[in-house]
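Asker: next one to model:
(one chain, ligands or ions: 1)
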Amino acid sequence: MSDEIRFAAEGGLATIELTRSKALNALTLDMIRAMHPKVEAWDDDDSIKAVVIKGEGERAFCAGGDVRAVYRSIVDDLGGKGPSELSRTFFLEEYRLNHAIHAFSKPYVAILDGVTMGGGVGLSVHGSHRIVTERLMFAMPETTIGLFPDVGGGWFLPRLPGAMGLYLALTGARLDAAGAVALGIATHYVPSARLEGLEAALATTINESDDGRSAINDVLGRFSEAPGIDPMAEHRSMIDRCFSATSVEGILESLDREAAGGSEFAAETAATLRHKCPTSLKISFEQLRRGRDMSKLVDVLTMEYRMSQHCMAGTEFFEGVRAILIDKDHAPKWQPESLAGVSDSLVDQFFAVIPDREFSL
Ligand code: QUE
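Answerer: Next up is the predicted model:
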């Protein structure tokens, strides 16, 4: 078994702890392979009433997928050309786990006490409860590294209020606890100092009750508080106006217009978008547009798996990881380098079926 993840089950409560804190608990294939069968077994085990998932240490719940390993496998396997074995398997098994969490029939409580990005979002948003603390730093930052907000981002992001999902997807903007609660990404705010007490209370209450769901809701009601002021609230109407445009270029035009009218926030947001991967921006826009109209998560994950494999076969993910996570020069050379260079037909290619490599549950 993996030493990067720990499992426990006692008195009706099963616990998962991500124990890779030196890497902000970033999710490896071994962790996915250890966790998925546990989740399935606990769903079928009548003695288990609920699952809690948390990250070791005080810095992170989970900083994302282990994209460094995927990057390395592409370099090592094929000298940087084409998808490696790991790049095929990692996304497939990660998305299957995301779906298992979505389908889990009992309370699934994720404790987001620190950095929660990308793959960490996929381990939490599809469950029934998300507890956040004052240490939360939530983001879907994939357009920064030539990817797109996967792990079911095409499902939950277009279902957030207004245009907030598209805003988070394209800019990679960070949410704090109040922002996450305001959007419904988090279900409860609990100060980190009370987490120990919360977990102990969950364990005892579940043990003493036959209805796991109401036991959990009772305990969370007792431990949760109001999260304070949402710093994003004052920008919501502007975000909704600008990010309801019908193209990425339209969003930027709209932000530039608001910036010219004196909005510092619009100017900063436009500048942020101009640093993201142009291909990522356009495929993510299309991903959320398509995902909004899909009625099943499996359909969204099928779309995202196709997209992931097209990304692995291209240049942008490779260049993004190099610039942000490996060399850390933060100066990726995107190609195409501008939105104008990313044609509709190029975008369409990311949604094409790859024969013999379809997603399945
Ligand atoms: C975009 C991303 C990721 C990211 C940074 C981005 C991502 C990811 C990590 C990450 C962070 C810390 C680690 C680690 C990975 O950073 O997916 O191993 O220790 O996993 O801008 O998508």
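Asker: when you work out contacts or count neighbours from here on, use the C-alpha atoms and nothing else.
Answerer: Noted.
Asker: give the other helices and strands that the helix or strand harbouring residue 16 contacts.
Answerer: For residue 16, the element it lies in under DSSP states H and E is strand 13-18. If you count contacts as 3 or more Cα pairs under 8 Å, 6 or more residues apart in numbering; DSSP states H and E, strand 13-18 packs onto strand 5-10, strand 50-55, helix 195-208.
Asker: which residues touch the first one?
Answerer: Contacts to strand 5-10, defined as Cα atoms under 8 Å, 6 or more residues apart in numbering, come from residues 14-20, 31, 34-35, 48, 203.
Asker: name the nearest of those relative to the ligand.
Answerer: Of all those, the ligand sits closest to residue 20, with 8.9 Å by Cα to the nearest ligand atom.
Asker: ok, and the closest non-adjacent residue to that closest one?
Answerer: Counting by Cα to Cα, 6 or more residues apart in numbering, residue 4 is the residue found nearest to residue 20 once chain neighbours are left out, at 5.1 Å.
Asker: with residue 212 instead?
Answerer: residue 49 (5.1 Å).
Asker: do I have it right that that neighbour meets residue 105?
Answerer: No: if you go by Cα atoms under 8 Å, residue 49 and residue 105 don't touch, sitting 9.7 Å apart.
Asker: more neighbours: which of those two?
Answerer: The neighbour count for residue 49 versus residue 105, taken as other Cα atoms under 10 Å, is higher for residue 49 (25 against 16).
Asker: still on that earlier bit, quick one: residues contacting the residue nearest to residue 20.
Answerer: Neighbour list for residue 4: 18-20, 30-31 [criterion: Cα under 8 Å, 6+ apart].
Asker: ranges for the helices of the stretch 101-250 of the chain?
Answerer: Listed in chain order, the helices of the stretch 101-250 of the chain (DSSP state H, counting those that start in this stretch) span 119-122, 153-156, 164-171, 177-183, 195-208, 212-223, 236-242, 248-260.
Asker: right, so of those, which gets closest to residue 268?
Answerer: helix 248-260 (8.5 Å; Cα to Cα).
Asker: which residues does that closest one contact?
Answerer: Contact with helix 248-260 is made by 242-245, 265-267, 269-270, 273, 281-282, 285, 339, as judged by Cα under 8 Å, 6+ apart.
Asker: list only buried entries from these.
Answerer: Buried members of the contacts of helix 248-260, scored by 16 or more other Cα atoms under 10 Å, are 242-244, 266-267, 269-270, 273, 281-282, 285, 339.
Asker: looking at those residues, which are in helices?
Answerer: The helices, defined by DSSP state H, take in 242, 266-267, 269-270, 273, 281-282, 285 from these.
Asker: got the contact list for residue 62?
Answerer: Going by Cα under 8 Å, 6+ apart, residue 62 touches 18, 24-27, 55, 115-117, 119-121.
Asker: most surrounded residue in those residues?
Answerer: Per-residue neighbour counts (other Cα under 10 Å) across the contacts of residue 62 peak at residue 116, which has 31 neighbours.
Asker: neighbours of the closest residue to residue 14 other than its chain neighbours, just the number please.
Answerer: Leaving aside its sequence neighbours, residue 14 sits nearest to residue 51 (Cα to Cα, 6+ apart; 4.7 Å). The number of residues packed near residue 51 is 23, by other Cα under 10 Å.
Asker: show me what counts as buried in the helix-or-strand element of the chain with minimal mean pLDDT.
Answerer: Sorting the helices and strands of the chain by mean pLDDT, DSSP states H and E puts helix 67-78 at the bottom, at a mean of 87. For helix 67-78, burial by neighbour count (16+ other Cα under 10 Å) applies to 67-68, 70-75.
Asker: alpha carbons only: can I get it in PDB?
Answerer: Taking C-alpha atoms only, helix 67-78 is exported to PDB below (Å, rounded to 0.1, in the frame of the first residue of the first chain):
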ATOM      1  CA  VAL A  67       1.600  16.900 -12.800                       C
ATOM      2  CA  ARG A  68       5.400  16.900 -12.200                       C
ATOM      3  CA  ALA A  69       5.400  13.100 -12.400                       C
ATOM      4  CA  VAL A  70       3.200  13.200 -15.500                       C
ATOM      5  CA  TYR A  71       5.600  15.700 -17.100                       C
ATOM      6  CA  ARG A  72       8.700  13.600 -16.100                       C
ATOM      7  CA  SER A  73       7.100  10.500 -17.600                       C
ATOM      8  CA  ILE A  74       6.600  12.300 -20.900                       C
ATOM      9  CA  VAL A  75      10.200  13.400 -21.000                       C
ATOM     10  CA  ASP A  76      11.600  10.100 -19.900                       C
ATOM     11  CA  ASP A  77       9.300   7.800 -22.100                       C
ATOM     12  CA  LEU A  78       9.500   9.600 -25.400                       C
END
